[in-house]
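Asks: 3D model of this:
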Amino acid sequence: MRIKLIIFYFLSIPFLAFAQKDSLSIGDRYAEDQLYFSVSYSQLFDQPTGITKSNFSYALSGGFIKDIILNKSGTIAIAGGIGLGYDFFNHELKVDEVDGTTVFTNDITTSKNIFKSYNLEFPFELRWRTSTAIKYNFWRIYTGVKFLYNLDNNFQYRDSDENQFKYSNVSAYNKLQYGLTISAGYDAFTMNVFYGLSPVFKNGLLNEKAVDTKILKFGLIFYFL
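Replies: Numbering: from 1, shown residues only. Purely as a prediction, here's the structure:
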């Protein structure tokens, strides 16, 4: 009986939230506590000399973000949240792990050279929107910073002889990364950009020069009340 009551309680939360919002009036204080989901096209930039591009790559993320209102009308707020992210990169940089050391080379003979990462993400935003307590279609501009903590990373490629190499959690991978974010749009259509400020690798060298590879993502983000 207790389990049934708990399930009923959690299933009722979304309906209670909508009912509460529908009972608000213009001028009432309200918050845009939201679930979010984003899909992005991704690229690597600040690559070492000779690494010219990353091929088709993408990122997915989702989580919850809490709204804290800064003015009476609710048009300005700050927000913080937590989520999970997945990155898939089809790239050119060859990454090997040799005796606990990450080795970087530029080898044009490799194929199916990809890496995947799974991250905890912590977005923090300053928010402006034209919404009211009863107006759900509105313009929004949310800007801020997002911190990423890496849970797992995997690198794999095939050499010219079709031998496959795989490495997990390479030692040079930068576990804590961060970047600037901006989301702007109207109603359900919102563009989202992540501009990485920290390198993917720490203390990485290729031809005695630092490997300062960073991440750029741009796509769509969806918010669910």
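
Asks: show me where the protein has its strands.
Replies: 34-45, 58-69, 76-90, 94-98, 101-105, 111-129, 139-158, 164-168, 176-186, 189-196, 205-206, 209-210, 214-224 (DSSP state E).

Asks: okay, now the unreliable bits of the chain?
Replies: For the chain, the stretches with pLDDT under 70 are 1-31, 53, 133, 135-136.

Asks: can I get the strands of the chain in JSON lines including mean neighbour count?
Replies: All C-beta atoms are positioned from the backbone trio N, CA, C, and that covers glycine. JSON lines is the format used below for the strands of the chain (neighbours: other C-beta atoms under 10 Å):
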{"stretch": "strand 34-45", "mean neighbour count": "18"}
{"stretch": "strand 58-69", "mean neighbour count": "17"}
{"stretch": "strand 76-90", "mean neighbour count": "17"}
{"stretch": "strand 94-98", "mean neighbour count": "17"}
{"stretch": "strand 101-105", "mean neighbour count": "16"}
{"stretch": "strand 111-129", "mean neighbour count": "17"}
{"stretch": "strand 139-158", "mean neighbour count": "17"}
{"stretch": "strand 164-168", "mean neighbour count": "13"}
{"stretch": "strand 176-186", "mean neighbour count": "17"}
{"stretch": "strand 189-196", "mean neighbour count": "18"}
{"stretch": "strand 205-206", "mean neighbour count": "17"}
{"stretch": "strand 209-210", "mean neighbour count": "12"}
{"stretch": "strand 214-224", "mean neighbour count": "18"}
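
Asks: any idea which of the ones you listed gets closest to Thr52?
Replies: Taking C-beta to C-beta, strand 34-45 is the member of the strands of the chain nearest to Thr52, at 10.5 Å.
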